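# fold the following for me, if possible:
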Amino acid sequence: MSRRVAICAVAQIRNEPDIWERRFQGMLLDCLEPILEGTGVTFDMDKGIRNVLTCSDDVFDARTISDNGMTDVVGAHYRGEEKIAQDALNGLGYAMACILSGHDDLILYMGHCKESQPESRNMCTNLAYDPFFCRPLGLDFLNVNALQARAYMAASGVTEAHLARVVARARAHAARNPFARENPRVTEEEVAASPLLADPLRELHVYPVTDWAFGMLLCCQERAHEFTDNPVWITGFGNSMDRYFVGDLDLTANLALKKAAERAYRMAGIRDPRAELDVVEINDACAHQLPMTAEGLGLVEAGRAGAWIQEGGPDRQHVNLSGGMLNGNPIMLGGAARAVEAVLQLRGEAGERQVPGARKALAHGSTGGAGQHQTVVILEK
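Numbering: from 1, shown residues only. Okay, here's the model as predicted:
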């Protein structure tokens, strides 16, 4: 790209199991105020924020047009405002397009989700399927991910022991992340003994119900110095969607992911992701999706993911040092959490989990049962 887009600031609250005492407007305000104070950006119509992007979900918010409930608190009243659904990482692509087109210099991007509000997360994700064929069967993201897990384990040789190691590792890394959901550290034996939810997925193989909110300020290259002396640049973006009906999908082909990664790598000029990426953040809603996604991103050869886990490949390649979505991020916001972590790493602000000298990172987002919609973003210092 001849013109670049900068992420000038990120803010987040801690991922929590149940923020019952706060409305989502308050959660968002806790992210907006640090951005305003840290950058000095204003809502002046000439030189300030004129376009606001938000991410939310009608079902989890229990209201139609869910973005309308946050318009005032994020400063979108009488301004341009757009809503992102599916995975929040796509918001970076939308913001990038707005800025590169010359339509905007600045984009404020904010999102929230309270998974704790509904009685059942699975009842909510059942609504993602059509009302005539799939909903009556009881399909939801959990049991479709279980179908994918069984198919992937059969095809790849990844075992329950490998999945147990993935979960135990995620909890250990999350313990060093002050924004991660506070979960007890677990042993591989405890993971393997946890109750089955949908065979072969056990309770600890699946990300826990979580509430969270985030904010980002994005800016054109020419004005980035006004808001930060430590920008992070978006240099690659790609997304792709596979077939809708589960019966039409090859659950382990990684088709949409490979297409999304190919587009992002081409835009960023990446030829060898294993050698060129310093930090990788994968949106692993379930344990099997960490190795499966690593294969699709070209971080490990197909069929070698089990050995990659066993030999410490995720640590060697700095994959999910944040704890990943597996430790707890809300639905739709997992990709945004990956991007926020990548920005902190590239800015040298990741604390105990900091990768020394990190200059290039990948953030991955996905949504849908079996992750039909995939997004890949490349970020550089």
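
# mind listing what the residue nearest to residue 205 when sequence neighbours are not counted touches?
Excluding the flanking residues, the one nearest residue 205 by C-beta to C-beta, 6 or more residues apart in numbering is residue 287, at 4.3 Å. In this view, the C-beta of every residue, glycine as well, is placed from N, C-alpha and C. Contacts for residue 287 were tallied using C-beta atoms under 8 Å, 6 or more residues apart in numbering; they are 149, 163, 164, 166, 167, 170, 201, 204, 205, 206, 326.

# which two in those residues are spaced the farthest apart?
Farthest apart among those by C-beta to C-beta are 149 and 170. That separation is 15.7 Å.

# tell me which of those two has more neighbours.
residue 170 (29 against 26; other C-beta atoms under 10 Å).

# tell me who's in contact with the more buried one.
Taking C-beta under 8 Å, 6+ apart, we find residue 170 in contact with 284, 287, 320, 323, 324, 326, 327.

# if I look at the residue nearest to residue 205, how far off is residue 188?
In this view, residue 287 and residue 188 are 11 Å apart by C-beta to C-beta, to the nearest Å.

# hmm, residue 85 is touching residue 54, no?
No: assessed by C-beta atoms under 8 Å, residue 85 is found out of contact with residue 54, at 10.2 Å.

# give me the more crowded residue out of those two.
The neighbour comparison of residue 85 against residue 54 (other C-beta under 10 Å) goes to residue 54, with 26 against 14.

# residue contacts, the residue of the chain positioned farthest from its centre?
Distance from the centre of the chain peaks at residue 46, with 32.4 Å (C-alpha atoms, centre = their mean). Residues counted as contacts of residue 46 (C-beta under 8 Å, 6+ apart): none.

# on the three-state scheme, it is what?
coil (DSSP: H, G, I helix; E, B strand; the rest coil).

# so what pLDDT did it get?
What the model reports for residue 46 is a pLDDT of 89.

# cool, and the one 10 residues further on?
The predicted structure scores residue 56 at 95 on the pLDDT scale.

# what's the burial count for it?
If we define neighbours as other C-beta under 10 Å, then residue 56 has 27 of them.

# one more: residue 29?
Residue 29, neighbours per other C-beta under 10 Å, totals 18.

# could I get the phi/psi values of it?
Main-chain torsions, residue 29, degrees, to the nearest 10: phi -60, psi -40.

# and the closest residue to it other than its chain neighbours, how many residues sit next to it?
Counting by C-beta to C-beta, 6+ apart, residue 29 lies nearest to residue 73, which is 5.6 Å off, once chain neighbours are set aside. Using other C-beta under 10 Å, residue 73 has 18 other residues around it.

# tell me how far residue 73 lies from residue 207.
Residue 73 is 27 Å from residue 207, by C-beta to C-beta.

# do residue 191 as well
On the measure of C-beta to C-beta, residue 191 and residue 207 end up 13 Å apart.

# where do the strands sit along the stretch 1-150 of the chain?
For the stretch 1-150 of the chain, the strands defined by DSSP state E, counting those that start in this stretch cover 5-12, 51-55, 80-84, 106-114.

# what's the closest of those to residue 61?
Here strand 106-114 is closest among those (C-beta to C-beta), at 7.6 Å.

# pLDDT weak spots in the protein?
Where the chain drops to pLDDT under 70, the residues are 1-2.

# give me the most central residue, it.
Among the residues of the chain, the one closest to the centroid is residue 335, at 1.3 Å (C-alpha atoms, centre = their mean).
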